[in-house]
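J.: Below are the sequence and a predicted model; questions follow.
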Amino acid sequence: MVEEQLRARGIHDPHLLRIMAAMPRHLFMDKALEARAYSDHALPIGAEQTISQPFMVALMTQTLDLTGEEKVLEIGTGSGYQTAILAELADRVFTIERIPPIATAARERLTAMGYSNIVYRTADGSLGWREMAPFDRILITAGAPRVPEFVAEQLREGGVAVLPVGTNQQQALVKIVRTKEGVRKKVLTGCTFVPLIGRGGWETRKPAP
Ligand code: SAM
């Protein structure tokens, strides 16, 4: 996985590559899917949600340029796979998931794995986490129709955010840097994520299962 899917596609941060090589991705999904755990795909985790493709996890994490000192906000805990990688590379991770059974499964899994620098919340994360702001880094793992307003408000000056922005079917992976003057935006690549559902994302009448 690391050589063919990550290094060959430009993931070069040695610390990140070491962490991803050691991370047991098969523990973040149902037993029935374990044989495909290290394949080049997003995989289902229930409730129409997915564990992200390893390359996308690596690219988003590398873009955050973590040194180990950062306070990171993650929106969309999902399986907790990306959360675990952030917890290895940053100081503290604040993670929000809107679907309660998915949030509970991720929390139990990450606690059993021994992570103690993760703070969990089950809620609509499309408005961020105002009480815990500012953050050095923000990562959103679900596709938003536009950059949610909270990103500029809750990111520390000099901070970096990465998120997918676009339609429900197709998005651009966008890097945001908060500067003195405002925000600088750069499109990194195309991508496809499940939608960010909530007041700062795609509004829906359908309640979370
Ligand atoms: N990075 C995760 C992993 O490795 O397993 C994958 C996350 S999955 C692609 C996106 C997650 O975002 C889903 O679990 C979904 O329920 C969650 N989500 C969608 N809208 C949300 C919102 N407004 N607040 C919090 N979580 C949200």
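T.: Everything's here; your move.

J.: only C-alpha atoms for contact and neighbour calcs from this point on.
T.: OK.

J.: Would you agree Ile176 falls within a strand?
T.: Yes: with DSSP: H, G, I helix; E, B strand; the rest coil as the criterion, Ile176 is part of a strand.

J.: for the ligand, what are the nearby residues on this protein?
T.: Applying Cα under 6 Å from any ligand atom, we find that the chain lies next to the ligand at 49-52, 75-82, 96-99, 124-126, 141-142, 193-198.

J.: which helix of this structure spans the most residues?
T.: Longest helix in the chain, counting residues (DSSP state H): helix 100-112.

J.: Which positions in that helix come out as buried?
T.: Going by neighbour count (16 or more other Cα atoms under 10 Å), the buried part of helix 100-112 is 102-104, 106-107, 109-110.

J.: so Val119 sits right up against Ala87, yeah?
T.: No: taking Cα atoms under 8 Å as the definition, Val119 is not a contact partner of Ala87, at 10.3 Å.

J.: what's the overlap in contacts for these two?
T.: Here Val119 and Ala87 have Val93 as joint contacts, going by Cα atoms under 8 Å, 6 or more residues apart in numbering.

J.: For the residue positioned nearest the centre of the chain, which residues are in contact?
T.: Central residue of the chain (Cα atoms, centre = their mean): Thr141, 4.0 Å from the mean position. By Cα under 8 Å, 6+ apart, the contact set of Thr141 is 74-77, 163-164, 193.

J.: which of those has the most neighbours?
T.: For the contacts of Thr141, neighbours were counted using other Cα atoms under 10 Å, and Pro164 has the most, 31 neighbours in all.

J.: Surely it is in a strand?
T.: Yes: assessed with three-state DSSP, Pro164 lies in a strand.

J.: hang on, the earlier thing: return the alpha-carbon coordinates of the longest helix of the chain using PDB.
T.: In PDB, the C-alpha atoms belonging to helix 100-112 read as follows (Å, rounded to 0.1, in the frame of the first residue of the first chain):
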ATOM      1  CA  PRO A 100     -24.200   8.300  16.700                       C
ATOM      2  CA  PRO A 101     -23.500   4.600  16.000                       C
ATOM      3  CA  ILE A 102     -20.500   5.500  13.800                       C
ATOM      4  CA  ALA A 103     -19.200   7.900  16.400                       C
ATOM      5  CA  THR A 104     -19.600   5.300  19.200                       C
ATOM      6  CA  ALA A 105     -17.800   2.600  17.200                       C
ATOM      7  CA  ALA A 106     -14.900   4.900  16.300                       C
ATOM      8  CA  ARG A 107     -14.600   6.100  19.900                       C
ATOM      9  CA  GLU A 108     -14.600   2.500  21.300                       C
ATOM     10  CA  ARG A 109     -12.100   1.400  18.700                       C
ATOM     11  CA  LEU A 110      -9.600   4.300  19.200                       C
ATOM     12  CA  THR A 111      -9.900   4.000  23.000                       C
ATOM     13  CA  ALA A 112      -9.200   0.300  22.800                       C
END
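
J.: Give me the contact list for it.
T.: The contact list for helix 100-112 (Cα under 8 Å, 6+ apart) reads 28, 46, 77-80, 84, 96-97, 120-122.

J.: let's see it at 6 Å
T.: Contacts with helix 100-112, where a contact means Cα atoms under 6 Å, 6 or more residues apart in numbering, come from 79-80, 97.

J.: Inside strands: which ones of these?
T.: Mapping the contacts of helix 100-112 onto strands (DSSP state E) picks out Glu97.
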